[in-house]
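[1] No sequence on hand, only this structure:
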């Protein structure tokens, strides 16, 4: 039996609230029932989206690019909070790019552009990006062989946008890996952001049961 070319998906709601519960944003993310890890929401995406939500006043009318967007939760939240958002995933993963577009459609954001950007490649699509204020990336430090390619792309973008910042969340899966040497190599520096400073140190976050603490870390990367 041949595999369906139209995989099934379910809509998962995420609810972001002020600490005092006075304001709420609900976004719906279509998760594809497929083993590819770019097709559903990982804990890092929820934590990064929470940071976007809590800093949303500073993101109004700012231009934001999400790298390796997959299901695009942080980028969708940024767009709903008034940012000019561009979503991207690998040019070699058309299913992930399609899911980025599906997330936009589900959340009534049809004008948000989706572009194919492959980490480590200085492509015409990368060069043609507009000026950026913030770059988002959740769990982009997943496979150690990809770490330098990610930072090559980030370094290129921050050189073109010297006041820009790269906001990223990652899960500590091994004590053996570190990006410190790569940050130095590509003239980048990072600041760690404690999860409790944006109310993400919870076992339930944004109405989901995904862990908001444990081994999840957040940092902001800038030019060195």
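    Okay, I see it. As the structure is a computational prediction, the values presented were derived from the model and not from experiment.

[2] Could you check how far residue 75 is from residue 177?
    Taking C-beta to C-beta, to the nearest Å as the measure, residue 75 and residue 177 are separated by 26 Å. For the C-beta atoms, the positions are set from N, CA and C on the backbone; glycine is no exception.

[3] So which of those two has more stuff around it?
    residue 75 (32 against 11; other C-beta atoms under 10 Å).

[4] Can you name the next helix or strand after the helix or strand hosting residue 65?
    Residue 65 is part of strand 63-66 when elements are defined by DSSP states H and E. Counting by DSSP H and E, the element after strand 63-66 in chain order, helix or strand, is helix 73-80.

[5] SS state for residue 141?
    Each residue gets one of three states, and residue 141 gets coil by DSSP: H, G, I helix; E, B strand; the rest coil.

[6] just checking, it touches residue 179?
    Yes: when contacts are counted by C-beta atoms under 8 Å, residue 141 is listed as touching residue 179 (6.4 Å).

[7] For the two, list the residues in contact with both.
    Common neighbours of residue 141 and residue 179, using C-beta atoms under 8 Å, 6 or more residues apart in numbering, are residue 147.

[8] For the closest residue to residue 26 other than its chain neighbours, grab the count of nearby residues.
    Closest residue to residue 26 apart from its sequence neighbours, by C-beta to C-beta, 6 or more residues apart in numbering: residue 15 at 5.0 Å. For residue 15, the tally of surrounding residues (other C-beta under 10 Å) stands at 12.

[9] Now do stretch 42-59, average pLDDT.
    Stretch 42-59 carries an average pLDDT of 94.

[10] buried residues in it?
    Of the residues in stretch 42-59, those with enough neighbours to count as buried (16 or more other C-beta atoms under 10 Å) are 42-54, 56, 59.

[11] For the chain, which segments count as helices?
    Counting by DSSP state H, one finds helices in the chain at the ranges 43-54, 73-80, 94-106, 124-127, 147-160, 180-185.
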